[in-house]
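Student: Prediction below, plus the sequence it came from.
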Amino acid sequence: MHDAPSRKLIIAIDGPAGAGKSTIASRLARKLGYVNLESGAMYRALGLKAIEWDVSFEDEPALVKLAHDSRIQLEPTLTGNRVLLDGRDVSERVREPDVTDAASRVSVHPKVREWMVARQQEMGTGGGIVMEGRDIGTKVFPNADVKIFLDADPVVREQRRLRQQNVRDAYSEATAAELRERDRRDRTRAASPLVAAPDALILDSTSLSEDEVLRRMEELVKAKMEV
Ligand code: DC
């Protein structure tokens, strides 16, 4: 039997930092009336808590305990996710460079990932979500209805990130270096490294406008809804 056209899909968007996932996921969710969930914000919240509680990024058992003892909530808004850590709004704090680095470091641990994946799966129950991250199509929702791997040339990603951060020239090399290092760590870690799911559509946004990327994604989703 065919699914009803109005069924609530699970849409997974993965890809490296700076590929434009958050903006696109948020716009796509808005168009569909879906909820957009930024899984990376959860790793960022845990990274922040590790900084604040002085827990080593290398100490997997302590990080897992920290995660268990924490309340990490994502609240979708029109422009992205509000991030709450133990009831405190840390949405802006988690975007700062030290937390960005911490997120990438705490995310290498398999048991930390297990905890995160279980929470993310709970959030997706019932569908009607666009979840973006690094392992959504491979681990969190291997049966997602639509899987997109959004990529872009590293130089373009660095430029986008710099523009996003309004970075002054003097700091640009540091930001670019940070992005390259985070990329390397996300792609080479043993547990759920960043890879495209075999059944993901790979979309290279290097020379595409944001509107064009969105249009292509909408086409994919529409095709899936009509199946
Ligand atoms: O998407 P982001 O830049 O907010 O992610 C921050 C870090 O979290 C990223 O460097 C790797 C990690 N992450 C992950 O391992 N798996 C995800 N699904 C999302 C993020």
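Tutor: Looks like it arrived, so ask away. Residues are numbered from 1 along each chain as shown.

Student: CA atoms for contacts and neighbours, from now on please.
Tutor: Noted.

Student: which residue packs closest to residue 7, ignoring adjacent ones?
Tutor: residue 225 (7.4 Å; C-alpha to C-alpha, 6 or more residues apart in numbering).

Student: Isn't that neighbour up against residue 32?
Tutor: No. Residue 225 sits out of contact with residue 32 when judged by C-alpha atoms under 8 Å, with a separation of 11.3 Å.

Student: Stretch 147-161 near the ligand anywhere?
Tutor: No. Stretch 147-161 is not in contact with the ligand by C-alpha under 6 Å from any ligand atom; minimum separation 10.5 Å.

Student: center of the protein, which residue is that?
Tutor: Centroid-nearest residue in the chain: residue 133, 2.6 Å away (criterion: C-alpha atoms, centre = their mean).

Student: In contact with the closest residue to residue 204 other than its chain neighbours, which residues?
Tutor: With sequence-adjacent residues excluded and distances taken as C-alpha to C-alpha, 6+ apart, residue 204 is closest to residue 151, at 4.8 Å. For residue 151, the contacting residues are 15-16, 19, 202-206, by C-alpha atoms under 8 Å, 6 or more residues apart in numbering.

Student: same thing but at 10 Å, please
Tutor: Shown in contact with residue 151 (C-alpha atoms under 10 Å, 6 or more residues apart in numbering): 14-21, 157, 196, 202-206.

Student: Could you do residue 38 as well?
Tutor: Each residue near residue 38 by C-alpha under 10 Å, 6+ apart is listed here: 13, 21-22, 25-26, 74-76, 80-83, 120, 130-133.

Student: near the ligand, which residues of this structure?
Tutor: 17, 39-41, 43-44, 100, 103-104, 107, 133-136, 182, 186.

Student: Name the nearest of these relative to residue 210.
Tutor: Using C-alpha to C-alpha, residue 17 comes nearest to residue 210 of the residues of the chain next to the ligand, at 15.5 Å.

Student: who touches stretch 47-67?
Tutor: If you take C-alpha under 10 Å, 6+ apart as the criterion, stretch 47-67 is touched by 41-46, 68-70, 85-86, 90, 93-96, 98-116.

Student: what ranges do the strands span in the chain?
Tutor: 10-14, 35-38, 72-77, 80-85, 88-89, 129-133, 146-151, 201-204 (DSSP state E).

Student: Measure how far the fifth one is from the centre of its chain, please.
Tutor: So that's strand 88-89. 20 Å (C-alpha atoms, centre = their mean, to the nearest Å).

Student: strand partners of it, parallel vs antiparallel please.
Tutor: Strand pairing for strand 88-89, using DSSP bridges, gives strand 80-85 (antiparallel).

Student: how many other residues sit next to residue 152?
Tutor: 20 (other C-alpha atoms under 10 Å).

Student: picking that back up, which of the contacts of residue 151 sits closest to the ligand?
Tutor: When the contacts of residue 151 are compared for distance to the ligand (C-alpha to the nearest ligand atom), residue 17 wins out at 5.3 Å.

Student: I'd say that closest one and residue 175 touch.
Tutor: No. If you go by C-alpha atoms under 10 Å, residue 17 and residue 175 don't touch, sitting 11.9 Å apart.

Student: Which neighbours do these two have in common?
Tutor: Joint contacts of residue 17 and residue 175 (C-alpha under 10 Å, 6+ apart) are 158, 161.
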